[in-house]
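1. sequence and predicted structure below; questions after.
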Amino acid sequence: MYQYNEFDKQFVQSRVDEFSEQVQRYNAGQLDEDEFKQLRLRNGLYYQRHAYMLRVAIPYGLLSSTQLRQLASIASDYDKGYGHFTTRQNIQYNWPKLDDVPKILQQLADVEMHAIQTSGNCIRNTTTDPLAGAIGDEIEDPRPWCELIRQWSTLHPEFNWLPRKFKIAVTGALSDRAAVQVHDIGLRLHKNADNVLGFEVLVGGGLGRTPYIGSVINPFLAPEHLLTYLAAILRVYNQEGRRDNLYKARIKILVNALGIDNFREKVEQEWQLSQHEDDTFTQDYIEELKAQFPAPPKLSNSNTIDSPDQIFSNPLFNQWYKSNTKPHKDSARRIVLVSLKNNEQAAGDATSEQMRAIADLAEQYSLGEIRSTHEQNLVLAHVPTVHLFDVWNALKPLNLATPNIGKLTDMIVCPGLDFCSLANAGTIAIYDQIYARFDSIDYQHSLGDLSIKISGCMNACGHHHVGDIGILGVEKSGEEWYQLTLGGHAGNEAALGKRLGKAIPKAEVADAIERILETYVEQRNNDEETFQQVVKRTGVQPFKEKVYAIAA
Amino acid sequence: MPLLRNGILEQTSHAYLLENDMAKPKTDSTAKVEAVVSLDRFLEMAADDSAVTTQQVWLEPEHDVALLAPYVKNLELICVHFPSFTDGRGYSHARLLSKRYSYTGELRAVGDIRVDHILFMLRSGLNAFQFEATPNEALLQTLLHRYNHNYQPTYKLPQAS
């Protein structure tokens, strides 16, 4: 993975010094509340319902064992012994004290990490495929490109005060695991008919109050133009995006108001001139970056076995193997997904002890690296097949081996009313309610892959618009209610879920989900037909009849 | 009003938007007042060659700086107004004027200007800063020299002094 050079180190150190002094000035009354708020936000520091919340950047979801151990130490030294992995592949701490934050940033800088631009109206952490460099359907490793974007977008002088936050995602595989169609800018590396590599550039996707699937602004951008093209989009947005209404300020609103063709024309016009003026990169430089993400050493053929022996003798291991591991491009390795969705912790939470154990496992079995996913799980990407049983045995006692990856209980859940000042309703209690109702792993496996995504408000941090079943918390006369949507999807067949009907009272959410699942099983033609396909074929009507039958 | 220009903090210069030819800037007795006309007014005058009486223009965030391109050679002062420090449009104005249109005169940030942002303003092409209150000079120096490198080489850092 990318190693900081002297310049990166100095830069991040300067940022720590800068923020330490800003905190001192704030405490001394020399910085006003409004300005300090903006300055702290650009260092990932929010003020939430109970306390400050610090969001730490995990650039494109990639961590070393050393870094994960440091995150564990921060959780135990400055927080309540745990951290929360987010849908932007970052980690956040819910209880740091303001005066400790400079010390936390220093500890992050010591392991080449930071919290720069994890909030505020600027370019946020670039996200990517958590299986990059390991999965077989990859056309090009997106990580060097993500690192290029990370550097270019870090404290960019011109684009640090945008109308609203700005999120970029990159995929380089046939199957999109980075949700590029629902980002401000989505980048898809692909090859044209002449086998030449380029980016398909999408713009104006996003969730939130007004969800949109992104539109193609450029079907094939030569890679050498990546940064100047991004800058051209950002400049048009910076100048023309709405600033009069917070809820209409994202680039998707501008793109939709102008129409993609007009927006494209503006960007192209700008780019005709700006591509000769703005920052770019040399071929040598991107090659240098690529060299920092080498392919994992190929294991010798003698190690190659399709599946470990224990599969046949141990049904529990077999179940975990089937749902929580995926084929690696080297058949002597498997990709292991570490589930952060169990029956005891909030979705995406990990304790210091769990983080340390995962860091150790990564060091021992997975080339010392860990990835975080936007589904709020962790990944050991390069585990030799012969060690899968050892890894499973190590994860189990830590409650990290629930065989539910991609299944019903692998829910995406924002922090909700318990932690977030924006939320209208709780999400953790809903997660618990659903988890308790459908705890049977056999049942989950019989349903196949299915996603439930829960947001505590319209801002949609839980990505509810793109879940097979989306759950949106709303507040009605002081009570928490939940609005359901069906048939959403974040991958290649990206779609926004359709509203089922009127909101459901808090106590009845699991009941409604149960009826939805019954309807799915009745309606599907065979075990292969996915939830999204059924909803597409039948519409929401059969689901609606079942869910509201009792009420009516 | 304090003005930071070429690394020196001056106390007596003060740019004012002259709303129209009749407006009279209010000021205290010691300040030197520079009357600056709005982009619209300037373009009106420029359309009638003989009417150009000033080379000082005031830009609002929503203005299209490309309209100034034909005139930048003669302009002496362009004020870029930041109604709030969180409104980033002025950074793009400055970038275009200095980089694309090769404007070399004074490019002054006016409005809600705060010291923590001026390094980035400088790198975008602004070269003078009009503050509401006098900033601490030691702090200014620290902030201007905080970063020795940056990830965007075409947004040049100010020369170390």
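-> Thanks, I have the structure now. Residues are numbered from 1 along each chain as shown, chains lettered A, B, ... in the order given.

2. going forward, measure contacts and count neighbours with C-alpha atoms only.
-> Noted.

3. flag the shaky bits of the chain, pLDDT-wise.
-> The chain I'm using is chain A. Low-confidence segments of chain A (pLDDT under 70): A:301-307, A:550-552.

4. wrong one, I was asking about chain B
-> Scanning chain B for pLDDT under 70 picks out the ranges B:12-34, B:160-161.

5. for the residue nearest to residue A:349 when sequence neighbours are not counted, name its beta-bridge partners.
-> Spatially, and ignoring its direct neighbours in sequence, residue A:349 is nearest to residue A:84 (4.3 Å; C-alpha to C-alpha, 6 or more residues apart in numbering or on different chains). Following DSSP bridges, residue A:84 is listed with bridge partners residue A:92, residue A:349.

6. and the gap between the residue lying closest to residue A:209 once chain neighbours are set aside and residue A:531?
-> Excluding the flanking residues, the one nearest residue A:209 by C-alpha to C-alpha, 6+ apart is residue A:458, at 5.1 Å. Distance of residue A:458 to residue A:531, computed by C-alpha to C-alpha, to the nearest Å: 24 Å.

7. quick one, what contacts the closest residue to chain B within the stretch 251-400 of chain A?
-> Nearest to chain B, among the residues of the stretch 251-400 of chain A, is residue A:279, at 5.8 Å (C-alpha to the nearest C-alpha). Residue A:279 is in contact with A:227-228, B:152-154, counting by C-alpha atoms under 8 Å, 6 or more residues apart in numbering or on different chains.

8. got phi/psi on the residue in the stretch 301-450 of chain A that chain B sits nearest to?
-> When scored by C-alpha to the nearest C-alpha, the stretch 301-450 of chain A has residue A:422 as its residue closest to chain B, at 20.9 Å. The phi/psi pair for residue A:422 (degrees, to the nearest 10) reads phi -80, psi -20.

9. and the one 3 residues further on, by the same measure?
-> Here the main-chain torsion angles of residue A:425 (degrees, to the nearest 10) amount to phi -150, psi 160.

10. that one contacts residue A:473, doesn't it?
-> Yes: contact between residue A:425 and residue A:473 holds when scored by C-alpha atoms under 8 Å: they sit 4.9 Å apart.

11. more neighbours, the two?
-> residue A:473 (29 against 26; other C-alpha atoms under 10 Å in any protein chain shown).

12. shouldn't that one be within a strand?
-> Yes: using DSSP: H, G, I helix; E, B strand; the rest coil, the assignment for residue A:473 is a strand.

13. bridge partners for it, pull those for me.
-> Bridge pairing for residue A:473 - DSSP bridges - gives residue A:482.

14. please tell me how far it sits from residue A:546.
-> Relative to residue A:546, and taking C-alpha to C-alpha, residue A:473 is found at 21 Å.

15. would you agree residue A:74 is in contact with residue A:105?
-> No: applying C-alpha under 8 Å, one finds residue A:74 not in contact with residue A:105, separated by 9.8 Å.

16. and the residue of the stretch 251-400 of chain A closest to chain B, how far is that from residue B:154?
-> For residue A:279 relative to residue B:154 (C-alpha to C-alpha), the value is 6 Å.
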